[in-house]
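Novice: mind folding the following:
(2 chains)
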Number of protein chains: 2
Amino acid sequence: MLRAIEHRGGKVLILDQSKLPHHIEDVECSDWRQVADCIKTLKIRGAPAIGIAAAMGAALGADSIKAGDFEEFIRKLEPVLSGLLSTRPTAVNLKWALERAKGRAFAEREHPVADIKEALWREAEEIHAEDIAANKAIGRWGAQFIKDGDTILTHCNAGALATGGYGTATAPIFVAHEEGRKINVIVDETRPVLQGARLTALEMKEAGIPATLITDNSAGALMRKGEIDLAIVGTDRTARNGDVANKIGTYSVAVLARENGVPFYVAAPMSSIDFAMPSGDMIPVEERSEDEVFHIGGVRIAPHGIKARNMAFDITPARYVTAIITELGAFRPKDIKKLNGPALAELNLEEIRL
Amino acid sequence: MLRAIEHRGGKVLILDQSKLPHHIEDVECSDWRQVADCIKTLKIRGAPAIGIAAAMGAALGADSIKAGDFEEFIRKLEPVLSGLLSTRPTAVNLKWALERAKGRAFAEREHPVADIKEALWREAEEIHAEDIAANKAIGRWGAQFIKDGDTILTHCNAGALATGGYGTATAPIFVAHEEGRKINVIVDETRPVLQGARLTALEMKEAGIPATLITDNSAGALMRKGEIDLAIVGTDRTARNGDVANKIGTYSVAVLARENGVPFYVAAPMSSIDFAMPSGDMIPVEERSEDEVFHIGGVRIAPHGIKARNMAFDITPARYVTAIITELGAFRPKDIKKLNGPALAELNLEEIRL
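Specialist: The predicted model follows:
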């Protein structure tokens, strides 16, 4: 499986995703500024992956600090943390991971500086391991829906490259493959930015899972021909009523799936469920530059003098979703709201799992 | 409106579609071999447009013949006709148009050679005019479904460039525009070959009709937002039960349209209705090269070592089709079979039109 980031021998290896799918090359970072640059220039992307990179960047920055005591150490760590934070100011996981690193440093303040440095590496590795564990849990809960011989449709890239490993939508696929089931994956190319063609197809190939690329407008015809057994997608945000915001085109896949009796699953880490959001139609949908529609790989595909619409996401109403798969289990969309807050601790998950 | 072909001053002007959308340039043909080359190299494409080009090529070839009598003339015309026929051996309209030209020559055999040459130009212009008239009739029958202020979705290019003029799916749009209705057109880019982005978008721009390009996977989301009032597409072949074969992605548009209460119209010249074909699922679907999916404008978008599926067409079952619009009127799909053969002459079309 491709991995976005790795800590090895005191250095941080970051897979340069800007060169995918044609070149699989790591950037070897021995300075925190190189990590910051990788985040800024999108060599690493995806909220969980960025968080892990920030924590590893903090540990790398700490290693280079010469300090006689904690006060000096933490004073010299501050510009490292703020430098990493400024790379992508709106990324929630970035801030969260850097606060965890800083908290760990304070928690270890009575220990020698060398031990604090070591603790920051452990913190980064814990963040990484927790993310992989959550994704593997999604994978195990999701893999129950994948039978030997199944063909699985996926859209966009909610894959290992966007996370510490395993991905979210791809996790059930990787787990089913690891458990020895023979599966095929149909990859929607996912215009305009082609995350399916560039990233998901590559992840499948590297994992040795047979993958077939299609144009987005072919998925419906394949479902109608009975050639797709189930669909699994990721989500950017899921509302408390089970409505799902995800990459443009997800809604179409969901409607075509229901029309053809194909189960439609959404892999959603608990962190992506917005319990404060009553309905999907209240989630703001980012409209991006026309240029992404007008160009592919630097080539202009349309005449000048017309307009383009480029909605980054769409909303899939809960009624089209067979199940939402989290690290706690797979649930009917209407049951997602029960997973919120203090009530969760007293919930018998067995009873509401699908 | 862009026009694919024109007879002017004894020459044939062919719009070089291989340079679209970036360069709008005619090839000026003064020799039939230039016309044949344009057909062969896809500078002109679309069944009706190819038929017109072949007939004009025959007239151009006839002009260059030096002959004292009909026998000599027709002997020297043969290599012209066979040369034009060999350009795209499977194109039905090509054969049909050349047979019409030859038939006209024989019908005029008692006249001087100069008059026969003139008759071949008139035959070509009649073929051209008949095609435009049929398309305009489709346009008038279809325009009744377009209200002032409507936004119309179309897929692929069943446009003026594929025909003598007006196109089929575009004809109702052009007629509504000419009649002064204010309309907007949403153009599906139509992967893999991007006929929507390259050709339909350009046709709208040149006609002064506001056009907005979208990725194919955006149409559903726009329909759900209530931003599309109706959809019109063309057809390569329609079965007697009203099932429609058309460019890949048409089925998805139709399903999403019905799900969102958007009327879905198919513009189909009578010549495209295959009354011998009982159902759409018996229409063979061409699978084309993987390369069209893997590349866009010469740029490879996916890793090597995976497969691709490239179905050129899909089948839209009649139940998703609001009406099939022909030059005889707009009909419910179930009524199409009544338009067949001798029965047609005795039919009261008024009674079965939508």
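Novice: hey, let's count contacts and neighbours off CA atoms from now on
Specialist: Fine.
Novice: contacts only, for residue A:335.
Specialist: A:242, A:352 (CA atoms under 8 Å, 6 or more residues apart in numbering or on different chains).
Novice: same question, residue A:253
Specialist: A:219, A:220.
Novice: what's the angle between the helix or strand hosting it and helix B:250-259?
Specialist: Secondary structure from DSSP states H and E places residue A:253 in helix A:250-259. Angle, helix A:250-259 to helix B:250-259, by axes from the mean of the first three to the mean of the last three CA atoms, to 10 degrees: 90 degrees.
Novice: just the mean pLDDT for helix A:250-259, thanks.
Specialist: Averaged over helix A:250-259, pLDDT sits at 98.
Novice: after that helix, which helix or strand is next?
Specialist: strand A:264-267.
Novice: got the buried residues for that next one?
Specialist: Buried residues in strand A:264-267, counted by 16 or more other CA atoms under 10 Å in any protein chain shown: A:264, A:265, A:266, A:267.
Novice: which pLDDT value belongs to residue A:93?
Specialist: With respect to pLDDT, residue A:93 has a value of 85.
Novice: dihedrals phi and psi, it?
Specialist: Main-chain dihedrals, residue A:93, degrees, to the nearest 10: phi -60, psi -30.
Novice: my guess is it contacts residue A:53, does it?
Specialist: No. Under the criterion of CA atoms under 8 Å, residue A:93 is not in contact with residue A:53, lying 10.1 Å apart.
Novice: the two: which is more packed in?
Specialist: residue A:53 (33 against 17; other CA atoms under 10 Å in any protein chain shown).
Novice: mind checking the SS state of that one?
Specialist: At residue A:53, secondary structure determined by DSSP: H, G, I helix; E, B strand; the rest coil is helix.
Novice: list the contacts of it.
Specialist: A:5, A:35, A:39.
Novice: so the residue nearest to the first one when sequence neighbours are not counted is in which element?
Specialist: Distance criterion CA to CA, 6 or more residues apart in numbering or on different chains; nearest residue to residue A:5, sequence neighbours excluded, is residue A:14 at 4.6 Å. Under the criterion DSSP H and E, the helix or strand holding residue A:14 is strand A:11-15.
Novice: can I get the CA coordinates of that strand in PDB?
Specialist: In PDB, the C-alpha atoms belonging to strand A:11-15 read as follows (Å, rounded to 0.1, in the frame of the first residue of the first chain):
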ATOM      1  CA  LYS A  11      14.000  11.900   9.200                       C
ATOM      2  CA  VAL A  12      10.500  12.300   7.700                       C
ATOM      3  CA  LEU A  13       9.800  10.800   4.300                       C
ATOM      4  CA  ILE A  14       6.900  12.400   2.400                       C
ATOM      5  CA  LEU A  15       5.600  10.900  -0.800                       C
END
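Novice: helix or strand right after that strand?
Specialist: Using DSSP H and E, the first helix or strand after strand A:11-15 is strand A:26-29.
Novice: any idea of the mean pLDDT in that next one?
Specialist: Mean predicted lDDT for strand A:26-29 stands at 98.
Novice: ok, now stretch A:307-314?
Specialist: 96.
Novice: kindly report the same for stretch A:217-233.
Specialist: On average, stretch A:217-233 scores 98.
Novice: equivalent analysis for stretch A:328-343, please.
Specialist: 93.
Novice: and the end-to-end length of it?
Specialist: One end of stretch A:328-343 sits 14 Å from the other (CA to CA, to the nearest Å).
Novice: stretch A:84-96 too?
Specialist: End-to-end for stretch A:84-96, by CA to CA: 12 Å.
Novice: ok now it, how far from the chain's centre?
Specialist: Relative to its parent chain, stretch A:84-96 has a centroid offset of 15 Å by CA atoms, centre = their mean, to the nearest Å.
Novice: residues contacting it, please?
Specialist: Taking CA under 8 Å, 6+ apart as the rule, stretch A:84-96 contacts A:33, A:36-37, A:39-40, A:47-48, A:50-51, A:54, A:57-58, A:98.
Novice: rerun that using 7 Å as the cut-off
Specialist: A:36, A:39, A:40, A:47, A:48, A:50, A:51, A:54 (CA atoms under 7 Å, 6 or more residues apart in numbering or on different chains).
Novice: for chain A, what's the longest helix?
Specialist: When chain A is parsed with DSSP state H, its longest helix is helix A:113-143.
Novice: okay, buried residues for it please.
Specialist: Buried residues in helix A:113-143 (16+ other CA under 10 Å): A:113, A:116-117, A:119-125, A:127-128, A:131-143.
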